[in-house]
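Trainee: please work out how this folds:
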Amino acid sequence: MRHLSLAIALLVGTALSAQNAFLNNSFFPRYWKANTDFLIAARVRNSNATPLISFHVDWRWNNGPVQIGNWQSTTGITGNQYWPYEHQIPFNQPASAGVLKVWVVGSGDTDPSNDTLRFTVDVIGNWVAKSVLIEQYTGTWCQFCPAANAATNGLDVDPLIVVAKHHNMDEFTNQNSTDYWAWFNANYSPAGVMEQEEFGTLPDDAAYDQWGARAEQRKLGVSPASISVSAAFNEWTRLLTVDVNTTMTAVVNGTFIVNAYILEDNLPGPQTNAPAGYIHHQVVREVLGGPDGTAGVIPATTVANGSYDHQYTFTVPEQWNHNNLRVIAMVTEVRTGTLWTVNVAEAEVVAVGVEESASAEPIGLYPNPSDGPLWIHIPANVPSHIRVFSSDGRCVIDHTFPANGGTIRLDAFADLPAGTYLVRVEAGKSIRSERVVRIPTVR
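Mentor: Predicted structure coming up:
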């Protein structure tokens, strides 16, 4: 059973016009699994001085039946107090899309206008794991940022949490990053934005001690977007090529954009209120799709298992250490000027494209595409090192062969799933990197 933490404000006695049902602690996944329970749990609160003694929480999916909760009696809720509530009927629906309404019914409540929370939800039959994007607004001049930086450094270790730090008014600032941050009303540091503010319902804040718990909530959701990203860096030309592939697992509707960041880790630099020798991590060096991202890659109505590709290229400045670079890519849904992160993925930067020496014997790779083993012709009497990288940057084959010359049959390539791989061969003075397509084996 999954738990939904809701903060629902309830007024009793004299009616007030302000909306007291607040969402800073509330959550329901934007995408959820078909035919799977999600337990609706609520924090019921009361902003009136008259104690709230009894209440129940109800929910309704689209125009379906109202799921009435059990009455709960308390000793009286006032002020900043709340009472935890778990609905006895979990949310469990077949594949569909709509609005989940959750509301509180309190004895003596005279203001029903502030009782209801609404969540737009797509229930999908095919999904992938959801990774969570945390973006931090920071600066080397910021006296309160070292503690926030340490917190997000720890969160970034989680493979389902991706952290990006946008610097402002310091030597690590870049214009596209600054312009992108204008999407959010977060002009202070440290500031944290999670999941691009979830259509404006999850505001930015500086409470870095709470970011981890919120990310854990959001990892409970799922995503219809499987993102594969590869980043190839040519050490001679310093050209970085980033390929982003998005496969949509289900038919969904929306306005979707693609974007990618170049991040640099292990970056020495000054930091106020930190000891000498401070090292910065997850620094956003460039926003490849610009502040508004790249539109038109993913259609407004997707096709189940539809695959959508986009490529970015960028010339890496000489002063950047390419060994410390990595790339993250995200798919974002845009709605009435607000954003929500559909999914995010990351990949290491792989150095490729090293020119072969004119005096060295060339390396041959064939067939390409291949539906089985890969044959590699290498110079005679030199050892060779062969590595194969998947599109998400993982090294999936790493073999060293003794000096024998001639042709090597790489049988392990036949065991890989269909897809595009980067094959890097080092043999003596000869080096070759090539993208090879593995196609399904015809039997």
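
Trainee: give the bridge partners for residue 194, please.
Mentor: residue 134 (DSSP bridges).

Trainee: hmm, it is touching residue 213, no?
Mentor: No - taking C-beta atoms under 8 Å as the definition, residue 194 is not a contact partner of residue 213, at 10.8 Å. (Glycine included, C-beta is placed from N, CA and C.)

Trainee: looking at those two, which is more packed in?
Mentor: A count of neighbours by other C-beta atoms under 10 Å puts residue 194 above the other of residue 194 and residue 213, at 23 against 11.

Trainee: what residues are up against the more buried one?
Mentor: By C-beta atoms under 8 Å, 6 or more residues apart in numbering, residue 194 lies in contact with 132, 133, 134, 135, 202, 211, 214, 215, 218.

Trainee: ok, now with 10 Å
Mentor: 132-136, 161, 202-205, 210-211, 214-215, 217-218, 341 (C-beta atoms under 10 Å, 6 or more residues apart in numbering).

Trainee: tell me the helices and strands packed up against the strand or helix carrying residue 103.
Mentor: Here residue 103, judged by DSSP states H and E, is contained in strand 96-106. The helices and strands touching strand 96-106, judged by 3 or more C-beta pairs under 10 Å, 6 or more residues apart in numbering; DSSP states H and E, are strand 3-10, strand 39-46, strand 52-61, strand 72-77, strand 116-124.

Trainee: if we use 6 Å, what do you get?
Mentor: Packing partners of strand 96-106 (3 or more C-beta pairs under 6 Å, 6 or more residues apart in numbering; DSSP states H and E): strand 3-10, strand 52-61, strand 116-124.

Trainee: ok, of these, where does mean pLDDT dip lowest?
Mentor: Across the helices and strands packed on strand 96-106, strand 3-10 has the smallest mean pLDDT, namely a mean of 40.

Trainee: one step back: in CSV, list the helices and strands packed on strand 96-106 along with mean neighbour count and distance to residue 332.
Mentor: Putting the helices and strands packed on strand 96-106 into CSV (neighbours: other C-beta atoms under 10 Å; distance: least, C-beta to C-beta, whole Å) gives the following:
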stretch, mean neighbour count, distance to residue 332
strand 3-10, 21, 24
strand 52-61, 20, 26
strand 116-124, 20, 15
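
Trainee: among those strands, which comes closest to residue 29?
Mentor: Of all the helices and strands packed on strand 96-106, strand 116-124 sits nearest to residue 29, with 7.0 Å by C-beta to C-beta.

Trainee: how far off centre is the closest one?
Mentor: 20 Å (C-alpha atoms, centre = their mean, to the nearest Å).

Trainee: quick one, that strand and strand 96-106 angle?
Mentor: Inter-element angle recorded for strand 116-124 and strand 96-106: 150 degrees (by axes from the mean of the first three to the mean of the last three C-alpha atoms, to 10 degrees).

Trainee: can you give the strand pairings for strand 116-124, parallel or anti for each?
Mentor: Strands that pair with strand 116-124, judged by DSSP bridges, come out as strand 31-33 (parallel), strand 96-106 (antiparallel).

Trainee: residue 407 and residue 424: what is the separation?
Mentor: 18 Å (C-beta to C-beta, to the nearest Å).

Trainee: do the same with residue 93
Mentor: Applying C-beta to C-beta to residue 93 and residue 424 gives a distance of 47 Å.

Trainee: from the chain's centroid, how far away is stretch 320-332?
Mentor: 13 Å.

Trainee: how much space separates the residue nearest to residue 140 when sequence neighbours are not counted from residue 178?
Mentor: Excluding its sequence neighbours, the residue lying closest to residue 140 (C-beta to C-beta, 6 or more residues apart in numbering) is residue 170, at 4.3 Å. Distance of residue 170 to residue 178, computed by C-beta to C-beta: 11 Å.
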